[in-house]
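> I'd like to go over a predicted model; first the sequence, then the structure.
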Amino acid sequence: MTTSTSPPDTRREPPETGDERAMLAGFLDWHRETLRWKCAGLTDEQLRTHSVASSGLTLLGLVRHLTEVERWWFLPFLGEEPEPVYFTDDKPNDDFDALDTVPPAEVFDRLAAEVERIRAGVASIGLDAEFVRSGKAYSLRWVHLHMIEEYARHNGHADLIREGIDGVTGE
């Protein structure tokens, strides 16, 4: 294993004070940026690397998956029913498995575009706003908290994957 230098950490720290909306958005953005940071400086091949033989997880797969999750949870607040980008009902794991279908640069651009669209779209929607899916109501507040949890869990995976690729570690 070759040890590399960690890419510069340009993440914006989440606010330590402020209203609920600013804190939720700040922590979610910090986790979004953490995933991008974990992937920075790697080749396309490294982004597709399974660093643990028994796992199907890759950094690129995590980025694809989180693009889907962002869309799944936030787009109903924008009046859209999210259609999958990277998988189908026939192949539900293709966000993790079909890594050669979209070039990595396009995957990162797509995630960035979706995040910007979501940020702008939900900025004026109250945290108590709800949508219903399969008979259950979800508030925008819950979705923010769920997305923070989703990114935090997958950023832990990304830490291990990145360390296995080139030895880089970090928070």
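Everything's here; your move.
> pretty sure E20 is touching D128, no?
No - here E20 lies out of contact with D128, judged by CB atoms under 8 Å, at a distance of 10.8 Å. All C-beta atoms are positioned from the backbone trio N, CA, C, and that covers glycine.
> shared neighbours of these two, which are they?
Common contacts of E20 and D128, defined by CB atoms under 8 Å, 6 or more residues apart in numbering, comprise R141.
> What's the separation between F96 and G79?
29 Å (CB to CB, to the nearest Å).
> The two: which has the busier surroundings?
F96 (18 against 8; other CB atoms under 10 Å).
> contact partners of the host helix or strand of the more buried one?
F96 belongs to helix 94-97 when elements are defined using DSSP states H and E. Here helix 94-97 makes contact (CB under 8 Å, 6+ apart) with 56-58, 61, 64-65, 67-68, 84-88, 91, 101.
> May I see the buried residues of it?
94-97 (16 or more other CB atoms under 10 Å).
> Let me see the mean pLDDT of it.
Averaged over helix 94-97, pLDDT sits at 90.
> helix or strand right after it?
Remark: after helix 94-97, the chain's next helix or strand is helix 104-122, criterion DSSP H and E.
> Which strands or helices does the helix or strand encompassing T34 pack on?
Assigned by DSSP H and E, T34 belongs to helix 20-39. When contacts are defined as 3 or more CB pairs under 8 Å, 6 or more residues apart in numbering; DSSP states H and E, helix 20-39 packs onto helix 59-74, helix 104-122, helix 140-166.
> In the protein, where is pLDDT below threshold?
Counting by pLDDT under 70, the ranges of the chain that qualify are 1-6, 171.
> R12 contacts L28, doesn't it?
No - counting by CB under 8 Å, L28 is not a contact partner of R12; they are 11.6 Å apart.
> So for those two, which sits in the more crowded spot?
Legend: neighbour count by other CB under 10 Å for R12 and L28, higher for L28 (24 against 9).
> can you tell me which residues contact that one?
Here L28 is in contact with 144, 147-148, 151 (CB under 8 Å, 6+ apart).
> Throw the residues you listed into CSV and include distance to S134 and neighbour count, thanks.
Formatted as CSV, these follow (distance: CB to CB, whole Å; neighbours: other CB atoms under 10 Å):
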residue, distance to S134, neighbour count
H144, 20, 21
M147, 19, 21
I148, 22, 18
Y151, 23, 24
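> Only the buried subset of the contacts of helix 94-97, as a ChimeraX command please.
A single ChimeraX command selects the buried members of the contacts of helix 94-97 (16+ other CB under 10 Å):
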select :57,58,61,64,65,67,68,85,86,87
